[in-house]
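Asker: Provide a 3D model corresponding to the input given below.
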Amino acid sequence: MATALICTVVTMDTLTRKRGFTLIELLVVISIIGILAGLSGVIISSVLKGAKISSTESTIQKIEAALENYYHDNHCFPPTPEVSGSKSIYIALTGDENLDGKYNPSEGDISANHPRWRGPYLQKQSRKFINLTTGDFIDPWNNALRYFENEREARQCSVNPKSFLLYSCGPDMKATEATREDAIDYKLPNNRDNIRNWKVE
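Answerer: Modelled structure (predicted):
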């Protein structure tokens with residue numbers, strides 16, 4: 001009888017006692033949470049980078065289509081800008097010479113240098129990738145797209161000799177600042193992740 005009573009007391013005591021986490025268990029749980037948080041950060045960063053690359057490729061394709069339409073009317077592509085960037089290309093395709101984001105012929109937006117111009121060649125909804133302060137086409141990293149005309153200026157260029165080069169500096173936001181030949185040399189350190197309108201052989 002006494003033995004049964006002792007067993008009952010021990011069993012009840014065992015059931016009512018609350019067991020806490022040990023320091024080691026807490027450290028393991030915190031470590032696992034940290035690893036998962038780090039992995040999710042890497043995954044999110046990778047997804048965002050991929051989305052920005054896709055967006056840049058889409059932008060380049062839209063500008064390419066606009067340049068082809070420009071060529072159809074003017075029988076040439078716009079010349080290479082004198083200053084690095086794409087301001088003169090933006091003006092050629094939109095007619096927006098005063099950079100107010102609107103095409104208004106009554107305010108002198110049609111360029112007298114383009115007598116065959118029948119634009120705008122870019123629609124308003126396509127202009128979200130434009131910096132109206134500088135007049136540059138920009139990528140998601142807020143850097144100006146670069147442009148070189150080839151058909152008249154560089155018929156011996158090894159890529160796109162009958163059209164143009166259009167590219168973004170890419171995720172590292174760097175590109176070799178120099179000549180057309182440097183722009184097409186993907187082996188240069190700053191050019192490896194450039195997003196281009198030509199294929200690297």
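Asker: Which residue is the nearest non-sequential neighbour of Asn142?
Answerer: Distances taken as CB to CB, 6 or more residues apart in numbering place Asn131 nearest to Asn142, at 7.5 Å, with adjacent residues excluded. Any C-beta I mention is one placed from the backbone N, CA and C, and that applies to glycine too.
Asker: Quick check on the one you found: phi, psi?
Answerer: Backbone torsions of Asn131, given as degrees, to the nearest 10, read phi -100, psi 100.
Asker: my read: it touches Asn143, true?
Answerer: No: contact criterion CB atoms under 8 Å: Asn131 and Asn143 do not qualify, at 9.6 Å.
Asker: mind listing what the residue nearest to Asn142 touches?
Answerer: Phe137, Ile138, Asn142, Ala144 (CB atoms under 8 Å, 6 or more residues apart in numbering).
Asker: now do Ile35
Answerer: Per CB under 8 Å, 6+ apart, neighbours of Ile35: none.
Asker: pLDDT of the helix or strand where it lies, averaged?
Answerer: Per DSSP states H and E: Ile35 is located in helix 23-74. Helix 23-74 shows an average pLDDT of 86 in the prediction.
Asker: now do stretch 159-175
Answerer: Per-residue pLDDT over stretch 159-175 has a mean of 89.
Asker: Span of that stretch from start to end?
Answerer: 18 Å (CA to CA, to the nearest Å).
Asker: how many neighbours does Tyr167 have?
Answerer: The tally of other residues near Tyr167 (other CB atoms under 10 Å) stands at 21.
Asker: Could you do Arg192 as well?
Answerer: Neighbour tally, Arg192, other CB under 10 Å: 13.
Asker: How about the contacts made by it?
Answerer: Arg192 makes contact with Asp172, Tyr186, according to CB under 8 Å, 6+ apart.
Asker: State the distance from it to Cys169.
Answerer: 11 Å (CB to CB, to the nearest Å).
Asker: Please, where are all the strands along this protein?
Answerer: Remark: strands assigned in the chain by DSSP state E are 130-131, 136-137, 146-149, 164-168, 195-196.
Asker: Of all these, which one is nearest Leu23?
Answerer: strand 195-196 (50.1 Å; CB to CB).
Asker: Quick check: neighbours of that closest one in the sheet, parallel or antiparallel?
Answerer: strand 164-168 (antiparallel) (DSSP bridges).
Asker: Relative to the whole chain's centre, how far out is the strand it pairs with?
Answerer: How far strand 164-168 lies from its chain's middle: 14 Å, per CA atoms, centre = their mean, to the nearest Å.
Asker: That one to helix 23-74, inter-axis angle?
Answerer: Counting by axes from the mean of the first three to the mean of the last three CA atoms, to 10 degrees, strand 164-168 points 160 degrees away from the direction of helix 23-74.
Asker: thinking again about what came up before, between which two of the contacts of Asn131 is the distance greatest?
Answerer: Within these, Phe137 and Asn142 form the most distant pair, 11.4 Å apart (CB to CB).
Asker: Which of the two has more residues huddled nearby?
Answerer: Using other CB under 10 Å as the criterion, Phe137 and Asn142 rank with Phe137 on top: 26 against 9.
Asker: What count of nearby residues applies to His75?
Answerer: Neighbourhood size, His75 [other CB under 10 Å]: 8.
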